[in-house]
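Student: Can you look at this prediction? I've put the sequence above it.
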Amino acid sequence: MRTHYHYPSQIILQYLILCVAIVSTAACTLLFVRNGYAAHGLSIDGNLKYKENFQHFEYTSPQARQSGQLTLMGLGSFDKMNPFTLKGLAPLGLEALVFEPLAVSSLDEPFTKYGLIAKDISVAADKLSMTIHLDEKARFSDGTKVTAEDVLFSLKTVKSTKVHPLYADYYHDIKKGIKVDSDTVKFFFKKKNRELPLIALSIPVLSQKFYNQYSFGEEDTMVPPVGSGPYKVDKVVQGKSIVYKKNPDYWAADKNVRKHMFNFGTIAVKYYRDMTVAVEAFKAGEFDVQYVNIAKQWARDMTGEKFDSGRIHKKIFPHQNNAGMQGLVMNTRNPLFQDRRVREALNYAFNFEWTNKSLFFGQYTRSDSFFSNSYLAARGTPQGLELEYLEKYRDKLPERVFTTPPQPPVNATRSDVRKHLLKAKKLLNSAGWTVKNGVLKNDAGTPFEFEILLSSPSFNRVMAPFVKNLKKLGIIAEYRALDQALYTQRVQTFNFDMIVNVFGQSQSPGNEQKNYWHSTAAATPGSGNLAGISSPVVDDLVNKIIYASTQKELIAASRALDRVLWYGFYVIPNWHVAGHRMVYYDKLQHPDKLPKYYNYFQFLTTWWIAGQ
C-alpha cells in the first residue's frame, strides 16, 4: 500500500503496505495470457518485462547475502496475530513476511503480476473466469502442501465478514471458486472487469488446517500463524516486540520472484510508544533503519557524529509512486461538516506556505489532487470523455467543476492570508454562521467547535497555527494525540470530527476506490470512507473507474472523480514528497538499481547485511 505522510502512525503504515500489496498492480486495461497452462504472469499490454524463466527481478542483487538480523522500529503496540481482521493491531511485517498471495507484483512495472503460489494462469476468452494451476512445491511453514482446498478456503474467508471490510469489498466481484483437482482452481467472476483476474491473484493463501484448529479472528489471537511465506514467527512479547525467523525449508527460496529477496536470517521489530524516544533509540543503535516521516526530524534530529563519520547513512530514495492524497478529513456524519460551504471555508484557514517554510524546511509539495504526482490528476478544464462523464450531472455539481482547475489557496503574502480568511468568513455567514461575542454560532446559538484527533503528538505543531487561524473566524477547535489502540478504534468506528489521513493510490486505480468514496462504504465500520461521502455522482464515477474497459475510460473517470471530490471539499489537502527518506546503519546494503513503485518495507526485502 503505497504515498507519503508526515506523521508516524503504525495503523496508517500497515494500511499503506496493504494498499500497495493489493492495489499496486491490480488494475489494468488489457489482460494478456497465453492459451492453456503456460502463462507465468499477467500484463497490461501483453509485453511482460520479465519473460518466462527469468532469473530474478532487476531491482534485486545477486550480491545479496543470506544471513544476519535486521532490527526495525514499530510505533505503538500490537495485540493480535491475524493481519486480516478489523479489530486490533497486528505487528509490523506479519502479512508481508509470513503470508503469501497467489502472485506478486513487479516493483518496476506498474500493471503486472507474476506467479508465486500460482504456477500457471489462464484467463477465459470471455473474461468471466480464470484457471490457476498451483505450484506443486508450495508448502506452508508446518510442512503441509498448499492445495486447491486452501485456496478456496482463503477465497471464502476474504469474502466473509470475518476480515477487514477492505478485503471483502475488494474481492466482492469474484463470484465463486471451484476445485478442478488438488492443484488447480477455477474462479468465476460476476461481471467483466479488467482488474478481476489480477485481484484474484492477490488473495492471501491461508492454511485451512491451521484455521480449522484456531478459529479465524475469533480466539487465540496471539497464536503465531502458519503461512507459506519466507519467515515464521519465532518470539513474541505482546505489544513490545516480535522476532521473525527465516524458514530454512522455505519452498520458494530459489524461485525467480523471490530470489535475492528476504535476505535476513531474522527480522526483529521493537515497539516504541513515542516517536521522539524512537529517534534517540535509533541513534543509540537499538534498531538498524528508520523511515523518516517528520521533516523536522529529517532536518535537525538526524545529525551528529555517526552521520558525519558515515556510520549512519541519510538518503532520499526516489520513486514514481502515485502520491494520492493526504489531508485533514472532515467527518460529514457530523452535522457541523455537512454544508459544503463550511468545508470550503475551513480550507481557507490552513496556511500551507507558512507551514512548509517554517516547520518543514521547504521539503514538501502541496497536494492538488486526489491522484497527486500522477497522470490521473485533473488538469485544466474537463474535455472529451471526462466532460461527457461530468455533463450528466451538471445540475448536481458546482459550476467550478467545469470552469476552474483544482487549486488549493496559495498564501504567498500576509495579505493573502487575510484575504482568504475574509473569504472563509463570507462562506460561513452564507451557511448561517455568525460571530457573536467572539464565538462563531448558528441561529440556534450553538457554537462552532470540534476536535482534531491525531495519532502522534509530532503533528501538534502543525495544528497549532491552523487552530489559531480558525480562532480568528470564531471557531473553537482543539487537537490531541491518542494512544495508537484508542486512535485506531475511534477511526474505525468513525468516532471523530477531523483527522489526518492518507488515501493511498496506485498507478491505475480500481476497486479500492469503492472503499474510499462509495456510499456503501460510508456506513461500514473500518472502511476507508472516513469522510462519510454518500453521493450518487461519486458512486457512478467510482463504478466507471472499476469497470473501465480502456485506458482512455480509466483516465477520464479518474480525472472526473478527482474534480468532484475536490469541489466537495471533504479534505483540507496537505502535502507529499517524491522520495522515501531513510536513515540506516552502514552494515546494511541495498541493490544499486532501485524499483520504481514501492513502499519502504518492500524496499527492505531486497536489502542485506554487508560482509556476512
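Tutor: Happy to help now that I have it. What you see is a predicted model, and the numbers here were worked out from it, not measured in a lab. Numbering: from 1, shown residues only.
Student: Need the pLDDT of the residue located most distally from the centre of the chain.
Tutor: Within the chain, residue 437 marks the point farthest from the mean C-alpha position, 44.0 Å out by C-alpha atoms, centre = their mean. The per-residue pLDDT reported for residue 437 equals 94.
Student: Residue 325 now?
Tutor: 96.
Student: secondary structure element for it?
Tutor: strand 325-330 (DSSP states H and E).
Student: what pairs with that strand, and is each one parallel or antiparallel?
Tutor: The strands beside strand 325-330 in its sheet (DSSP bridges) come out as strand 498-503 (antiparallel), strand 571-573 (antiparallel).
Student: Including mean neighbour count, could those strands go into CSV?
Tutor: (Each C-beta comes from the backbone N, C-alpha and C, glycine too.) Output for the strands paired with strand 325-330, formatted as CSV (neighbours: other C-beta atoms under 10 Å):
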stretch, mean neighbour count
strand 498-503, 24
strand 571-573, 23
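Student: could those go into JSON lines alongside mean pLDDT and distance to residue 188?
Tutor: Shown next, in JSON lines, are these (pLDDT from 0 to 100; distance: least, C-beta to C-beta, whole Å):
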{"stretch": "strand 498-503", "mean pLDDT": "96", "distance to residue 188": "31"}
{"stretch": "strand 571-573", "mean pLDDT": "98", "distance to residue 188": "38"}
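Student: Export the ones you listed as TSV, with columns for distance to residue 81.
Tutor: Listed next are the strands paired with strand 325-330 as TSV, based on distance: least, C-beta to C-beta, whole Å:
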stretch	distance to residue 81
strand 498-503	25
strand 571-573	34
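Student: Point out the one among the ones you listed that comes closest to residue 400.
Tutor: strand 571-573 (15.6 Å; C-beta to C-beta).
Student: What are the contacting residues of the closest one?
Tutor: Here strand 571-573 makes contact (C-beta atoms under 8 Å, 6 or more residues apart in numbering) with 325-330, 346-347, 350, 352, 366-368, 408, 501, 531.
Student: The strands paired with strand 325-330: which one's closest to residue 95?
Tutor: Each of the strands paired with strand 325-330 has some distance to residue 95 by C-beta to C-beta; the shortest is strand 498-503, at 18.2 Å.
Student: Pull out the CA atoms of that closest one and give them to me as PDB.
Tutor: This file holds the C-alpha atoms of strand 498-503, laid out as PDB (Å, rounded to 0.1, in the frame of the first residue of the first chain):
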ATOM      1  CA  MET A 498     -11.500  15.600  12.000                       C
ATOM      2  CA  ILE A 499      -8.300  13.500  11.500                       C
ATOM      3  CA  VAL A 500      -5.300  13.500   9.300                       C
ATOM      4  CA  ASN A 501      -5.400  10.600   6.800                       C
ATOM      5  CA  VAL A 502      -3.600   9.300   3.700                       C
ATOM      6  CA  PHE A 503      -5.600   8.000   0.800                       C
END
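Student: following it, which helix or strand comes up?
Tutor: With DSSP H and E, the next secondary element past strand 498-503 is helix 512-517.
Student: can you map out the helices along the stretch 51-200 of the chain?
Tutor: 94-98, 148-158, 165-170, 196-201 (DSSP state H, counting those that start in this stretch).
Student: Return the residues in contact with residue 173.
Tutor: Neighbouring residues of residue 173 by C-beta under 8 Å, 6+ apart: 189, 190, 191, 193, 196, 199, 511.
Student: could you measure the residue nearest to it when sequence neighbours are not counted against residue 544, distance?
Tutor: Nearest residue to residue 173, sequence neighbours excluded (C-beta to C-beta, 6 or more residues apart in numbering): residue 190, at 4.7 Å. Note on residue 190: its distance to residue 544, by C-beta to C-beta, to the nearest Å, is 17 Å.
Student: and what of residue 298?
Tutor: Going from residue 298 to residue 544 by C-beta to C-beta gives 39 Å.
Student: residue ranges with poor pLDDT in the chain?
Tutor: Across the chain, the ranges flagged by pLDDT under 70 are 1-38, 44-46, 219-220, 612.
Student: Walk me through the domains of it.
Tutor: 31-278+578-609, 325-576 (automatic domain parsing).
Student: For the shortest one, measure first residue to last.
Tutor: End-to-end distance of domain 325-576 (C-alpha to C-alpha, to the nearest Å): 8 Å.
Student: where exactly do the strands run in the stretch 101-250 of the chain?
Tutor: Ranges of strands in the stretch 101-250 of the chain, per DSSP state E, counting those that start in this stretch, are 103-104, 113-115, 118-123, 129-134, 174-181, 184-189, 204-205, 231-237, 241-246.
Student: most packed of those?
Tutor: strand 113-115 (a mean of 27; mean count of other C-beta atoms under 10 Å).
Student: picking that back up, may I ask which of the contacts of residue 173 has the most neighbours?
Tutor: Among the contacts of residue 173, the one with the most neighbours (other C-beta atoms under 10 Å) is residue 196, at 28 neighbours.
Student: Skip the chain neighbours and tell me the closest residue to it.
Tutor: Nearest one to residue 196, counting by C-beta to C-beta, 6+ apart, is residue 189 at 4.8 Å.
Student: list the contacts for the one you found?
Tutor: Applying C-beta under 8 Å, 6+ apart, we find residue 189 in contact with 127, 128, 129, 130, 173, 174, 175, 196.
Student: Of the domains of the chain, which is nearest residue 285?
Tutor: Set against residue 285 and scored by C-beta to C-beta, the domains of the chain come closest in domain 31-278+578-609, at 7.3 Å.
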